[in-house]
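# Following is a predicted model, sequence given first.
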Amino acid sequence: MVFSYYHRLSAKHKRIYLASDRIETITLPDPAPLRPIAARLGGALRTDKRVAVESVCNELAAGMLRQLQTPPAQIKVMAARPANDYGELHGFYEGVEGRLKLAKITLWMRTAQKKQVVAFRSFLRTFLHELCHHLDYEYLTLEDSFHTQGFYKRESSLFHQLVLGDPRTRVK
């Protein structure tokens, strides 16, 4: 099954979409040492200190990317989410293009309306979502990063390895 926007893609982008959709997991070679870092993210969010959250995010990203032998990405955590008529922006990925020498992921730790700190699991999933865009380009070497069912399954596979210790560790 493909998402509705698939039908509006060019033939080239349809091939990339389908290739992405077939990959359901990303294997972390050794997720055990990353789990305490992921757990610390929850504690950092509870402190309500943006710099602490950003520090843990960068540590977690560096550990994951090092295990996957993938180029680094810089994580920037901002306070309240921007919002417009379409909703709130949770995270944003900027790949290495033009002036950027290092991929950049921006995350927001507070909701736009009530300015409340985002729940740990929601924040971690947003972090992993944006990191998956980086992994699509740098680890899987896809030419583009589409929101496919495979993409969301990869995000979930990383979440399960970090939080639940799920043994699904093969890239399919």
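Yes, it's here.

# Next, the buried residues of stretch 124-144.
Across stretch 124-144, burial judged by 16 or more other C-beta atoms under 10 Å covers 124-140, 142. To be clear about C-beta, it is placed using only N, CA and C from the backbone, and glycine gets the same treatment.

# now it, how far from the centre of its chain.
Computed by C-alpha atoms, centre = their mean, to the nearest Å, the chain-centroid distance of stretch 124-144 equals 6 Å.

# So which residues of this protein form helices?
Assigned by DSSP state H, the helices in the chain fall at 11-22, 35-47, 50-67, 120-138, 149-159.

# which residues are contacting the longest one?
By that I understand helix 120-138. 20, 26, 38, 41-42, 45, 53, 57, 60-61, 64-65, 68, 70-71, 73, 75, 90-93, 95, 103, 105-107, 109, 118, 142, 144-145, 151, 154-155, 158-159, 162-163 (C-beta atoms under 8 Å, 6 or more residues apart in numbering).

# Out of these, which end up buried?
Buried residues within those, defined by neighbour count using 16+ other C-beta under 10 Å: 20, 26, 38, 41, 45, 53, 57, 60-61, 64-65, 68, 70, 73, 75, 90-91, 93, 95, 103, 105-107, 109, 118, 142, 145, 151, 154-155, 158-159, 162-163.

# sorry, back to before: closest to A80 out of the helices of the chain?
Within the helices of the chain, the stretch nearest A80 is helix 50-67; the backing value is 10.3 Å (C-beta to C-beta).

# that older thread, need the helices of the chain in CSV with distance to V2 and mean pLDDT, can you?
Listed next are the helices of the chain as CSV, based on distance: least, C-beta to C-beta, whole Å; pLDDT from 0 to 100:
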stretch, distance to V2, mean pLDDT
helix 11-22, 7, 95
helix 35-47, 31, 96
helix 50-67, 28, 98
helix 120-138, 17, 96
helix 149-159, 8, 97
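
# Dump the ones you listed into CSV; add distance to M1 as well.
Output for the helices of the chain, formatted as CSV (distance: least, C-beta to C-beta, whole Å):
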stretch, distance to M1
helix 11-22, 9
helix 35-47, 30
helix 50-67, 29
helix 120-138, 19
helix 149-159, 7
